[in-house]
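# Here is my input, please return the structure:
(2 chains)
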Amino acid sequence: MTLGPYASFILTSYLVVTAVVLILIAWIAVDYRRQKLRLRELEASGITRRSGRSAADIR
Amino acid sequence: MTLTDLANPTRFLALTARLLPWLAAATAILLLIGLYQSAVAPDDYQQGATVKIMFIHVPNAWLAMFVWGVMSVAALGTLVWRHPLADVAAKAAAPIGAAFTFLALVTGSLWGRPMWGTYWEWDARLTSVLILFLMYLGVIALWRAVEDPSRAARAAAVLTLVGAINLPIIKFSVDWWNTLHQPASVFRMGGPTLDRAFLIPLLVMAVAFSLLFVTLHLAAMRNEILRRRVRTLQMAQAQTIQASRRSA
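Predicted structure coming up:
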């Protein structure tokens, strides 16, 4: 596969898309962990949901 | 399982926990197939190898509009049925839609430089997509500016529905005005004008990116539901502290 004289434009496009998609995935994964940690901290301090279910129930 | 069952946040969390690994796997497999097909696709007789940018530019451009469409349906859910899961869906979709729009603009610009001789031109298609990107940023800013989620949801829903006017403008901008951007070559009366050698990898990439959106959106919706639970518990904690101070 040869990309010709505009290889830098093609490669940059694919690299930018890859980087942004990876940032989105990482941001969502980090946010999930942060919210679960906050829920656990709150429940550890004695604050519980009305339903009585804990954050540990959430997979 | 009915749609009403899905509208229950706890059931939604349980269902998506089971669904997400399968969706992520399907997305990864389709992306790999699409990337392989894009790599081995022949060069275009006019554009040469730069046609490979199309396989990532077009799916991102389609999703930029599709995600706003999803947000518009969710906005109706917020304003008409006042369902909290509709707010969650709209809020979770906005940053993902903004990312797809940003990618459509950047890859389009990188494709435009070798083909048109310029990174940017204030033509109707490019300008209307830039406006879409700014509207995404506006909706995200609005969600962050208003602390009460239900008030923020109503304001964002109105802005989203007003912004939906831009979708047909983007779609038909290449027909209504004389633009540097080419007219539609896939979804058009009379069928696609693309050769199968380009059309098949493009459609595979489009399905892969759509699955990527569904996966990321469901995951982001789960995060938003958890964030609201954290907020509720924090408010309960604040009330408990206040009550104990009063009694002391």
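# The one residue in chain B that gets nearest to chain A: neighbour count?
Going by CB to the nearest CB, chain A is nearest to B:Leu226 of chain B, at 3.7 Å. Using the backbone N, CA and C atoms, a C-beta is placed for each residue, glycine as well. By the criterion of other CB atoms under 10 Å in any protein chain shown, B:Leu226 has 21 neighbours.
# pretty sure it contacts A:Arg33?
No. B:Leu226 lies out of contact with A:Arg33 (CB atoms under 8 Å); the separation is 10.2 Å.
# quick revisit: could you find the closest non-adjacent residue to the residue of chain B closest to chain A?
A:Gln35 (3.7 Å; CB to CB, 6 or more residues apart in numbering or on different chains).
# With adjacent residues omitted, what lies nearest to B:Leu85?
Nearest to B:Leu85 is B:Ala7, by CB to CB, 6+ apart, at 5.3 Å.
# What's the separation between that neighbour and B:Val158?
The gap separating B:Ala7 from B:Val158 is 22 Å, by CB to CB, to the nearest Å.
# same question, A:Leu42
Taking CB to CB, one finds A:Leu42 at 33 Å from B:Val158.
# Give me the below-cutoff pLDDT ranges for the chain.
Using chain A. Within chain A, the stretches with pLDDT under 70 are A:1, A:50-59.
# The chain in question should be chain B.
B:1-6, B:189.
# quick check: longest helix of it.
If you go by DSSP state H, chain B has its longest helix at helix B:196-247.
# buried ones in the host helix or strand of B:Ala24?
Using DSSP states H and E, B:Ala24 sits within helix B:9-40. By 16 or more other CB atoms under 10 Å in any protein chain shown, the buried positions in helix B:9-40 come out as B:9, B:12-13, B:16, B:20, B:23-24, B:26-27, B:30-31, B:34-35, B:37-38.
# ok, the nearest residue to B:Arg228 once chain neighbours are set aside - contacts?
The shortest distance from B:Arg228 to any non-neighbouring residue, by CB to CB, 6+ apart, is to B:Pro149 (6.4 Å). Residues near B:Pro149 by CB atoms under 8 Å, 6 or more residues apart in numbering or on different chains: B:87, B:91, B:228, B:231.
# For B:Leu19, give me its contacts.
Per CB under 8 Å, 6+ apart, neighbours of B:Leu19: B:Leu218.
# Name the helix or strand for B:Thr127, please.
With DSSP H and E as the criterion, the answer for B:Thr127 is helix B:124-145.
# Can stretch B:90-106 be said to contact chain A?
Yes. Residues of stretch B:90-106 are located near chain A by CB under 8 Å from any CB of the partner chain, namely B:95-96, B:99, B:102-103, B:106.
# hmm, I was thinking of stretch B:194-207
No. Using CB under 8 Å from any CB, stretch B:194-207 never reaches chain A; the gap is at least 10.3 Å.
# For that stretch, list every residue counted as buried.
Result for stretch B:194-207 [16+ other CB under 10 Å]: buried residues B:194, B:198, B:201-207.
# ok, which stretches of chain A are helices?
A:7-44.
# tell me the contacts of the residue of chain A found nearest chain B?
Nearest to chain B in chain A, going by CB to the nearest CB, is A:Gln35, at a distance of 3.7 Å. Shown in contact with A:Gln35 (CB under 8 Å, 6+ apart): B:223, B:226-227, B:229-230.
# One more: B:Tyr136?
Contacts of B:Tyr136 (CB under 8 Å, 6+ apart): B:68, B:94-95, B:97-98, B:101.
# And the contacts of stretch B:180-198?
Contacts of stretch B:180-198 (CB under 8 Å, 6+ apart): B:41-42, B:44, B:51, B:54, B:58, B:112, B:116, B:121, B:123-126, B:171, B:173-175, B:199, B:202.
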